[in-house]
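[1] sequence plus the predicted model coming up.
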Amino acid sequence: MKGAHRTNARELASGNAVARIRAFIPAFISARLAPAFAVLAVLFLIPEHQMQGQQAPRPRARDAGVIIGVFQPGPFNAITDVDGVRVGQTTVNLGDTIHTGVTAILPHGGNIFQERVPAALFVLNGFGKLVGVTQLQEHGELETPILLTCTLCVWKAADAMVAYLLEQPGMETIGSINPVVGETNDYGLSDIRLRPITEAHVRQALQSATTGPVAEGTVGAGAGTQAFGWKGGIGTSSRRLPSVDGRYTVGVLVQSNYGGLLTINGAPVGRELGQNPFATARPKDGAPPGHGSCMIVVATDAPLSSRDLERVAKRAALALARTGSSASPGSGDYVIAFSTAGSVRRRRWAMTPAAPYQLQELNHDDLAPLFEATVEATEEALINSMFRATPVTYRGHTVEALPIDKTLAILQKYHALHWDRDLPAEEP
């Protein structure tokens with residue numbers, strides 16, 4: 001898949017293998033022992049076709065008949081259906097100890113610092129380590145790509161992205177930059193205390209970012225995440241409004257690592273599969289019911305101000321509830337929304353002191369279809385993150401993927417499949 005880079009056995013066994021494997025060696029291993037450790041790691045790596053996340057592809061929700069909402073997706077059914085948006089991912093797997101990564105979302109292919117996009121943040125529950133939040137809220141704009149990674153790696157990822165961006169043309173005199181880095185905690189499937197993300201991983205995600213299809217499931221920042229008792233991960237979806245509503249596109253990408261009572265198209269899938277975190281028989285020493293976090297990124301080409309983007313971001317949180325989340329006390333549930341429309345960009349070179357610049361944005365009354373499209377695309381992205389995820393083993397403990405066949409049988413039981421065959425078609 002374009003835009004996704006997986007550090008794996010084949011890559012490590014070719015080229016400068018020792019140099020590549022050093023990226024994963026914990027800091028406490030001495031420099032004298034590192035080369036020997038790297039060589040041993042290469043010798044005992046599992047072949048690529050046997051690695052976690054390399055099983056036969058699982059279906060996306062829509063391909064399996066799970067049709068969410070009334071609007072149609074874009075050609076890729078991904079956040080990259082919004083013109084100019086790019087996604088790059090680096091997946092970091094080392095044996096059964098490290099399963100993590102980086103996912104980068106670029107609003108456009110130019111210099112984002114010099115050509116900023118309006119943006120907004122909505123916090124549903126704020127138990128998280130989102131970097132760059134105060135300036136994002138104060139200025140209402142993005143001046144860097146958005147990175148997603150693991151909790152204890154956000155500061156390393158932010159530092160690496162700043163170093164990379166300061167090297168770019170046009171940044172020679174820049175003395176302040178606001179990196180935006182979100183996270184969820186993959187502690188249950190990766191040794192997060194090793195803080196394994198390196199500058200090379202971040203650069204790879206940024207440099208590999210591209211338009212087109214987006215890899216989902218156990219990839220990038222979703223390599224070690226969990227959702228509703230099964231494997232979570234990266235998911236994406238989009239909606240394209242009909243011509244009467246402006247033909248605007250909304251695209252969403254999620255990093256799912258949250259819980260609750262899994263619900264798909266209104267069907268109680270979690271309860272039917274025996275996953276009820278609020279059951280009275282739950283272990284007393286287990287995790288709190290419905291624990292976990294979720295990062296949601298919403299992109300649109302509709303010309304919106306940061307004020308209206310915040311309203312869009314709030315609607316994405318409704319999709320979390322539709323899938324069964326109640327935003328537990330220990331969750332970090334954040335939504336970042338931005339617009340790529342040329343009429344609302346903030347171009348630094350075009351600004352002169354005390355000279356206002358004109359923006360063209362949608363009217364208040366035109367936002368209802370965008371709100372609906374945002375909820376639909378977010379809900380489908382969340383379900384895709386689980387449908388596409390594959391099992392991961394961490395130190396002998398395996399977290400299984402959502403069983404697709406059983407899930408589809410439940411959805412069939414509750415008449416939640418193939419609604420597109422039974423309901424009137426919408427205008428293209």
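    Thanks, I have it.
[2] tell me where the model's unsure across the stretch 151-300 of the chain.
    Counting by pLDDT under 70, the stretch 151-300 of the chain contains low-confidence residues at 280-290.
[3] mind listing the helices for it?
    154-166, 199-207, 269-272 (DSSP state H, counting those that start in this stretch).
[4] so which other helices or strands are in contact with the shortest one?
    Spelled out, that is helix 269-272. On a contact count with 3 or more CB pairs under 8 Å, 6 or more residues apart in numbering; DSSP states H and E, helix 269-272 meets helix 404-413. C-beta here means a position set from N, CA and C on the backbone, and glycine is covered the same way.
[5] buried residues in the helix it packs on, which are they?
    Neighbour counts over helix 404-413 (16 or more other CB atoms under 10 Å) mark 407, 408, 410, 411 as buried.
[6] where along the stretch 251-400 of the chain do the strands fall?
    Here the stretch 251-400 of the chain has its strands, by DSSP state E, counting those that start in this stretch, at 293-300, 332-339, 346-347, 392-394, 397-399.
[7] one step back: dump the helices of the stretch 151-300 of the chain to JSON lines, plus distance to residue 399 and mean neighbour count.
    As requested, these are exported to JSON lines (distance: least, CB to CB, whole Å; neighbours: other CB atoms under 10 Å):
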{"stretch": "helix 154-166", "distance to residue 399": "23", "mean neighbour count": "19"}
{"stretch": "helix 199-207", "distance to residue 399": "22", "mean neighbour count": "22"}
{"stretch": "helix 269-272", "distance to residue 399": "15", "mean neighbour count": "21"}
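[8] out of the strands of the stretch 251-400 of the chain, the one nearest residue 218 is which?
    strand 392-394 (6.1 Å; CB to CB).
[9] elements contacting the closest one?
    strand 397-399.
[10] could you give the average pLDDT over the strand it packs on?
    Mean pLDDT, computed over strand 397-399, is 96.
[11] that one pairs with which strands?
    In the sheet, strand 397-399 lines up against strand 392-394 (antiparallel) (DSSP bridges).
[12] residue contacts, residue 292?
    By CB atoms under 8 Å, 6 or more residues apart in numbering, the residues touching residue 292 are 184, 185, 226, 227, 257, 258, 259, 328, 330, 331.
[13] re earlier: now render the helices of the stretch 151-300 of the chain as TSV, adding distance to residue 74.
    Conversion of the helices of the stretch 151-300 of the chain to TSV gives the following (distance: least, CB to CB, whole Å):
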stretch	distance to residue 74
helix 154-166	27
helix 199-207	23
helix 269-272	26
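[14] from the buried residues of helix 404-413, which two are the most distant?
    Farthest pair in those, by CB to CB: 408 and 410, 7.3 Å.
[15] about what we covered before: most tightly packed of the strands of the stretch 251-400 of the chain?
    Stretch with highest mean neighbour count among these: strand 293-300 (a mean of 30; mean count of other CB atoms under 10 Å).
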